[in-house]
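J.: here is the input, now give the coordinates:
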Amino acid sequence: MKLHTIDAANQPLGRLASRIAVILRGKISPAYQPNVVPQEKVVVENIKQIKFTGKKFDQKVYHHYSGYPSGMKYRKLNITFEKDPKKILRLAVYRMLAPNRLRDKIIKNLEVK
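T.: The predicted structure follows:
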């Protein structure tokens, strides 16, 4: 398993997440196969120093639906980031991966410190 270490200090969230998603998918390897889980592991450090551009930090809203009537839940980015900054990056990378059966297996190779 090949290990990649990335420093997240002063890097925008989206650009960092897309770079991580490409590495985790295995597209940097010459032996890339779309139906095989790649042997790439990514370790991200200094997640608390990540940079948000524009007014995203105060205005971006994450939402999920509980499945019940009136079950829509909302939470702003700044509240989620204060509570668990790892969750923000993991969710961004997870949504950049292809929505197929391999996505849950691939995201296990991401470690956020």
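
J.: how is the residue lying farthest from the centre of the chain assigned, secondary-structure-wise?
T.: Of all residues in the chain, the one whose C-alpha sits farthest from the chain's mean C-alpha position, using CA atoms, centre = their mean, is P69 at 29.4 Å. Here P69 is coil, with the state taken from DSSP: H, G, I helix; E, B strand; the rest coil.

J.: all strands of the chain, in order?
T.: 2-7, 40-45, 61-65, 72-76, 110-112 (DSSP state E).

J.: what does the pLDDT read for N35?
T.: According to the per-residue confidence, N35 scores 95 in pLDDT.

J.: and what of H64?
T.: Residue-level confidence at H64 comes out at 93, pLDDT.

J.: got a list of what the nearest residue to it once chain neighbours are set aside touches?
T.: With sequence-adjacent residues excluded and distances taken as CB to CB, 6 or more residues apart in numbering, H64 is closest to K73, at 5.4 Å. Using the backbone N, CA and C atoms, a C-beta is placed for each residue, glycine as well. Counting by CB atoms under 8 Å, 6 or more residues apart in numbering, K73 touches 63-66.
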